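Q: Quick one, fold the following:
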Amino acid sequence: MAEETKQETRKRDRISYALYLYYLLMLLVGIFLAGRFLYLKIFWRPDAEIARKLTQPIMRVDLEPTRGSILAVDGRPIAMSYPRYQLYIDPNVRKGEFDLLKKDARADSLQAWKERAAGFAEGLAIVFPNRTADYFRKRLWDKHDSGSRYLKLGWPIEKEQLEFLKQYPLIKEGRYKGGVWIENVPTRRYPYGSLAKRTIGSVTENRDGSYYSGIDGKFNYVLHGERGRYYMKKTDNGFVRDYDSTYVKAVDGLDIRTTLNIDYQDIADKLLRKYVEPEEDLEAACFVLMDVKTGAIRTMVNLARSDGGTGMFGENENVAVMRRGEPGSVFKITTLMTCIEDGIVTSIDQTVPARDGLVQVDGYQKLYPADKHLKDYAAKYHTWNIPLWYCVKISSNNAFRYLAIKNYKDKPEDFIARLHSYNLGKSFDFDVYEPITTPTLKFPTDPSWSKTDLGQMGMGYSVSVTPMHILAYYNAIANGGKMMKPYLVEDIEKNGKVVEKLGPSVLNSSICKPETAKMVTEALCNVTVNDDDTKMRGTAWRLSFMADKCKVAGKTGTADVFTNGKYVQANGARKQQGTFVGFFPAEDPQYSVICVVFSKISKKEFAGGVIPASVVRDFIKEIYNIDPYWNETVEAAPRS
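A: A predicted model of the protein is given here:
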């Protein structure tokens, strides 16, 4: 019994050893296979040539979305995308087929192909008239004889031209027999030509870099859409669609509806060109019209000479938002407003002392030249106490220097703080790609601050702002002190339905009290008043033409531009910035407007009351007869 037990035990032990060995063998095999797998996965690389021959070539094809349109305020497209068509040909698309033919049949087939290629060349010569049929025939034959599989034909063509070509040989035979294939080329079209071209902007993206401008650039993320894709695999008949791979449909871009009135844009563009193009000494100009209540930009014309200021005027620069400079007399109203807000001025009939036309503050009389306008008033009315409304009317420099110095020489930081509250010391976001240039305001702690700076700031120097900042400020006056942010985009749309509403926003709910805005408006109305005595008339008297129909409140400015280290060159020449800014009708403001011209170094004067005021005058004349505010809108009766 004991012997049987021992034998049974030895038998179990042998089985256990066998199982252990089997398990060990399996473990070693598992470790080997795992190691081999990791090696193949991480380190091993197949022979490149073998991999190339065994792998079916795959080609990714991107599907370009149709770029969204940019629309005028009434829905008319001012920038839109549509497809054009680029032609390509594989002259040896049937080479494999021809090679299988006998010699005589191959020669006949080749001759037949060349005859069809010659017929196709005839059609190409009609579509591309700067090339002859012989040119295209020779190109097709030469490419075929050299074994080439690729030839680009001409440039992108319109749909009508493509349909015309399809009646000719090769192209009508399809890609795999005729060898011709077509690629869509998205093309941006501007139905109104160069109107608002700089405001609309553009986008260019290529290997050399990217360029963005205007609304198109700012809202590229909305307008572009999303690219789609599919894959093609190579077969004996060339590349064909791979239906086993992923297909992602392109998503077209959304549309942008702007605030621009394209009819007003056309009027403003023609008028500004009419006045500035004959002036060889002008290098740039802009005109902007804004809705008072909302801040919507209705018209924005930017003209600048090409080739560094020597070429033709065109929409080459976003002048209204990028050109920063000392604004001159249009800035004087900030001094008047500040004095009213601080209780220093309580009426525009209040007077300032101006003996001998000088700034009547001790220690300042000899710092600034005498003001001839103040002398003219004193000579006519026999008093050196000049009313503020007249100082605004004739744009007295020393009157506003006096207000700034007399009341703020001991606390200039209070005066400058007011300017910042008018949003004249910082930039703001705007609906074009180019950022609005940030203004600069001097401060008493600046190393360059001098005794004369406060007086200079009081009349528009020692500060630097863009036309858009000045327009927003005057628009706030017209709006009772409420400063709206200028904007160009009303909403984002898809198929005519609003996806996202943008629209008006507020920069400062109150830059001044409504009473202050009203008093300043009364002062500004004097600027556009004519007078039989030319010395007494307002600096923008050219706008008095139709005061009984549309009274304009505004201000002119003529600033010398600091150039080559000085304001006036040795020969008396200077660069100037001439401005008119205002709003109309004065008693119920609907629009604010600014027109600015920038000169080269010249001995000719470009005052704000001449070209800028004349452009605004003619513009108001034009829209007076078509704007709904002055004209009854006749609506069609509802259908029964």
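Q: Nearest residue to residue 210 in space, please, no chain neighbours.
A: In this structure, residue 210 finds its nearest non-sequential neighbour in residue 204, 6.6 Å apart by C-beta to C-beta, 6 or more residues apart in numbering. Any C-beta I mention is one placed from the backbone N, CA and C, and that applies to glycine too.
Q: all helices of the stretch 451-600 of the chain, in order?
A: With helices called from DSSP state H, counting those that start in this stretch, the stretch 451-600 of the chain shows them at 453-458, 467-478, 514-525.
Q: Serialize the ones you listed to TSV and add fields for mean neighbour count.
A: Output for those, formatted as TSV (neighbours: other C-beta atoms under 10 Å):
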stretch	mean neighbour count
helix 453-458	24
helix 467-478	27
helix 514-525	19
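Q: and residue 578, which of those helices is closest to it?
A: helix 467-478 (11.4 Å; C-beta to C-beta).
Q: At the geometric centre of the chain, which residue do we find?
A: The residue lying closest to the centre of the chain (C-alpha atoms, centre = their mean) is residue 214, at 0.9 Å.
Q: who's in contact with it?
A: Residue 214 is in contact with 197, 198, 199, 200, 201, 202, 318, 432, 433, 434, counting by C-beta atoms under 8 Å, 6 or more residues apart in numbering.
Q: Neighbour-wise, give me the winner out of those.
A: residue 199 (28 neighbours; other C-beta atoms under 10 Å).
Q: Which residue ranges of the stretch 401-550 of the chain form strands?
A: 440-441, 463-464, 483-484, 489-494, 497-501, 506-508 (DSSP state E, counting those that start in this stretch).
Q: do you know which of those strands lies nearest residue 120?
A: Closest among those, once you apply C-beta to C-beta, is strand 489-494, at 41.1 Å.
Q: In the sheet, which strands lie alongside that closest one, parallel or antiparallel?
A: strand 255-258 (antiparallel), strand 497-501 (antiparallel) (DSSP bridges).
Q: highest average neighbour count across those?
A: strand 255-258 (a mean of 24; mean count of other C-beta atoms under 10 Å).
Q: Let me know the next secondary structure element after that strand.
A: Next in sequence after strand 255-258, counting helices and strands by DSSP states H and E, comes helix 262-276.
Q: re the thing from before, among the contacts of residue 214, which ones are in strands?
A: residue 202 (DSSP state E).
Q: So which of the contacts of residue 214 sits lowest on pLDDT?
A: In terms of pLDDT, residue 202 ranks lowest among those, with 91.
Q: count of neighbours near residue 364?
A: 20.
Q: Phi first, then psi, for it.
A: The phi/psi pair for residue 364 (degrees, to the nearest 10) reads phi -120, psi -10.
Q: okay, and for the stretch 51-200 of the chain, where does confidence drop off?
A: 52-54 (pLDDT under 70).
Q: Show me the strands in it, by range?
A: So, for the stretch 51-200 of the chain - with DSSP E, counting those that start in this stretch - the strands run 58-63, 70-71, 77-89, 151-157, 180-189.
Q: elements contacting the first one?
A: With contacts defined as 3 or more C-beta pairs under 8 Å, 6 or more residues apart in numbering; DSSP states H and E, the packing partners of strand 58-63 are strand 228-235.
Q: so what are the domain limits for the chain?
A: 53-76+192-258, 84-190, 262-492+502-624 (automatic domain parsing).
Q: give the contact list for residue 476.
A: Neighbours of residue 476 in contact, by C-beta under 8 Å, 6+ apart: 422, 482, 483, 484, 508, 511, 512, 517.
Q: Quick check: the two most widely separated of those residues?
A: 484 and 512 (14.4 Å).
Q: Now the helix or strand residue 613 falls within: average pLDDT?
A: Residue 613 is part of helix 611-624 when elements are defined by DSSP H and E. Mean pLDDT, helix 611-624: 96.
Q: what's the angle between it and helix 262-276?
A: 150 degrees (axes from the mean of the first three to the mean of the last three C-alpha atoms, to 10 degrees).
Q: Okay, buried residues for helix 611-624 please.
A: Within helix 611-624, the residues that count as buried by 16 or more other C-beta atoms under 10 Å are 611-620, 622-624.
Q: now swap in stretch 91-102 and tell me
A: 91, 92, 93, 94.
Q: Distance to residue 17 for those residues - can I get that in TSV?
A: Below are those laid out as TSV (distance: C-beta to C-beta, whole Å):
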residue	distance to residue 17
91	77
92	72
93	72
94	73
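Q: give me every residue that touches the residue nearest to residue 167 when sequence neighbours are not counted.
A: Once flanking residues are discounted, residue 167 sits nearest to residue 123: 7.4 Å by C-beta to C-beta, 6+ apart. Neighbouring residues of residue 123 by C-beta under 8 Å, 6+ apart: 164, 165, 167, 168, 171.
Q: nearest residue to the fourth one other than its sequence neighbours?
A: The spatial neighbour of residue 168 that comes closest, neighbours along the chain excluded (C-beta to C-beta, 6+ apart), is residue 123 at 3.7 Å.
Q: separation between the one you found and residue 161?
A: Distance from residue 123 to residue 161, counting by C-beta to C-beta, to the nearest Å: 10 Å.
Q: likewise residue 429?
A: Counting by C-beta to C-beta, the gap from residue 429 to residue 161 is 43 Å.
Q: what about those two, which has more around it?
A: residue 161 (18 against 10).
Q: show me the contacts for that one.
A: Counting by C-beta under 8 Å, 6+ apart, residue 161 touches 85, 127.
Q: mind redoing it with 7 Å?
A: residue 127 (C-beta atoms under 7 Å, 6 or more residues apart in numbering).
Q: any idea how far it is from residue 153?
A: Applying C-beta to C-beta to residue 161 and residue 153 gives a distance of 12 Å.
Q: which regions of the chain sit below the pLDDT cut-off?
A: 1-6, 11, 52-54, 206-209, 235-241, 632-640.
Q: quick one, longest helix in it?
A: In the chain, taking DSSP state H as the definition, the longest helix is helix 2-38.
Q: Which other helices and strands does that one contact?
A: Packed against helix 2-38 by the contact rule (3 or more C-beta pairs under 7 Å, 6 or more residues apart in numbering; DSSP states H and E) you find no helix or strand.
Q: OK, contacts around residue 251?
A: 65, 225, 226.
Q: Setting aside sequence neighbours, what's the nearest residue to the last one?
A: On the basis of C-beta to C-beta, 6+ apart, the spatially nearest residue to residue 226 that is not a chain neighbour turns out to be residue 251, at 4.1 Å.
Q: Quick check: phi and psi on the one you found?
A: phi -110, psi 120.
Q: again, but for residue 260
A: phi -70, psi 130.
Q: so how far is residue 502 from the closest residue to it other than its chain neighbours?
A: Spatially, and ignoring its direct neighbours in sequence, residue 260 is nearest to residue 72 (5.2 Å; C-beta to C-beta, 6+ apart). Separation of residue 72 from residue 502 (C-beta to C-beta): 16 Å.
Q: more crowded one of the two?
A: residue 72 (22 against 17).
Q: what separates that one from residue 267, distance-wise?
A: With C-beta to C-beta as the criterion, residue 72 and residue 267 are 14 Å apart.
Q: Mark which of the contacts of residue 251 are part of helices, please.
A: Per DSSP H, those never map to helices.
Q: what's the closest of those residues to residue 25?
A: Nearest to residue 25 among those, with distances taken as C-beta to C-beta, is residue 226, at 56.6 Å.
Q: so who does residue 177 touch?
A: Contacts of residue 177 (C-beta under 7 Å, 6+ apart): residue 94.
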